[in-house]
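>>> Below are the sequence and a predicted model for it; my questions follow.
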Amino acid sequence: DAGVIQSPRHEVTEMGQEVTLRCKPISGHDYLFWYRQTMMRGLELLIYFNNNVPIDDSGMPEDRFSAKMPNASFSTLKIQPSEPRDSAVYFCASSLYVNIQYFGAGTRLSVL
Amino acid sequence: GNSVTQMEGPVTLSEEAFLTINCTYTATGYPSLFWYVQYPGEGLQLLLKATKADDKGSNKGFEATYRKETTSFHLEKGSVQVSDSAVYFCALIIGGSNYKLTFGKGTLLTVNP
């Protein structure tokens, strides 16, 4: 399997623009997680899905953030409007057995 | 709540030195414990895990033992290599209805030749 695939790898945008991050989980996995990594706050879980249904979105920082999983092979994390403080590396992870998560390579987001 | 505390980095060692990275935790239930490794520019990879007290996880020469009495899961390697240079994260998860991985802040390890 190709592993968890995230796109784009790098995103540079201007404040106020909409940003969409994409994730393709490992085929057959039934959990999908979105994380944010910053120097100040470390790794934070934003939201996770089970069988395409959002289970816990308590980590989503604001209403500007939204996540969807329209099918088992695709998820998006959207930020609208983006702000400079959203600059971070965003990771997607998937798992079959929930205690072993496989991470993608991440999307490095810079909001100018 | 649940939390993981790792030793502050960065840690700098010479090749073939002994490595210990300390990790302690607090948990509201009975956790499974993990070490993840992040190489530069990559995502996290599971290094090893332990699911119950006194279990020893091991992989690639790294070891960690689940110590319930001291709530610890220290990572060790007898002889590090330059290729071990990375950030190491200790983490826990408690099953049931909450599947959140709680991570420590990470420890940067640099191994010099």
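Ah, there it is. Numbers count the residues shown, from 1 in each chain, chains lettered A, B, ... in the order given.

>>> Any regions of chain A where pLDDT drops low?
The model of chain A has pLDDT under 70 over residues A:1, A:98-99.

>>> If you check it against chain B, which residue is the closest one?
Nearest residue of chain A to chain B, counting by CB to the nearest CB: residue A:103, 3.5 Å away. The way it works is simple: take the backbone N, C-alpha and C, and place the C-beta from them, glycine included.

>>> Excluding chain neighbours, give the residue nearest to that residue in space.
Once flanking residues are discounted, residue A:103 sits nearest to residue B:43: 3.5 Å by CB to CB, 6 or more residues apart in numbering or on different chains.

>>> repeat for residue A:32
residue A:49 (4.6 Å).

>>> just residue B:38 next, same as before
Per CB to CB, 6+ apart, closest to residue B:38 is residue B:87, 4.5 Å.

>>> Check the spacing between that neighbour and residue B:24 real quick.
18 Å (CB to CB, to the nearest Å).

>>> what does residue A:26 give?
32 Å.

>>> and the residue of chain A closest to chain B, how far is that from residue B:55?
As judged by CB to CB, residue A:103 and residue B:55 stand 23 Å apart.

>>> In terms of neighbours, single out the busier of these two.
The neighbour comparison of residue A:103 against residue B:55 (other CB atoms under 10 Å in any protein chain shown) goes to residue A:103, with 23 against 15.

>>> The residue nearest to residue A:103: what's it in contact with?
A:4, A:91, A:93, A:103, A:104, A:105, A:106 (CB atoms under 8 Å, 6 or more residues apart in numbering or on different chains).

>>> Kindly indicate which of these lies nearest residue B:74.
Nearest to residue B:74 among the contacts of residue B:43 is residue A:103, at 23.0 Å by CB to CB.

>>> partner residues bridging the residue nearest the centre of chain A?
Central residue of chain A (CA atoms, centre = their mean): residue A:34, 3.5 Å from the mean position. Taking DSSP bridges, one finds residue A:47, residue A:92 as the beta-bridge partners of residue A:34.

>>> Same check on the one 4 residues further on?
When bridges are taken as DSSP bridges, the partners of residue A:38 come out as residue A:42.

>>> Could I get the pLDDT score of residue B:51?
Residue B:51 carries a pLDDT value of 90.

>>> That one: neighbour count?
Residue B:51 has 15 nearby residues by other CB under 10 Å.

>>> and the residue of chain A closest to chain B, how far is that from residue A:8?
Per CB to CB, residue A:103 is found 16 Å from residue A:8.

>>> Over to residue A:78?
On the measure of CB to CB, residue A:78 and residue A:8 end up 14 Å apart.

>>> Overlap in contacts, those two.
residue A:21.

>>> what's the closest non-adjacent residue to residue A:74?
Spatial nearest neighbour of residue A:74, excluding adjacent residues (CB to CB, 6+ apart): residue A:24 at 6.0 Å.

>>> That neighbour reaches residue A:4, doesn't it?
Yes. Contact criterion CB atoms under 8 Å: residue A:24 and residue A:4 qualify, at 7.0 Å.

>>> more neighbours, those two?
Shown here are residue A:24 and residue A:4; by other CB under 10 Å, residue A:4 has more neighbours (24 against 18).

>>> Leaving out sequence neighbours, find the closest residue to that one.
In this structure, residue A:4 finds its nearest non-sequential neighbour in residue A:104, 3.7 Å apart by CB to CB, 6+ apart.
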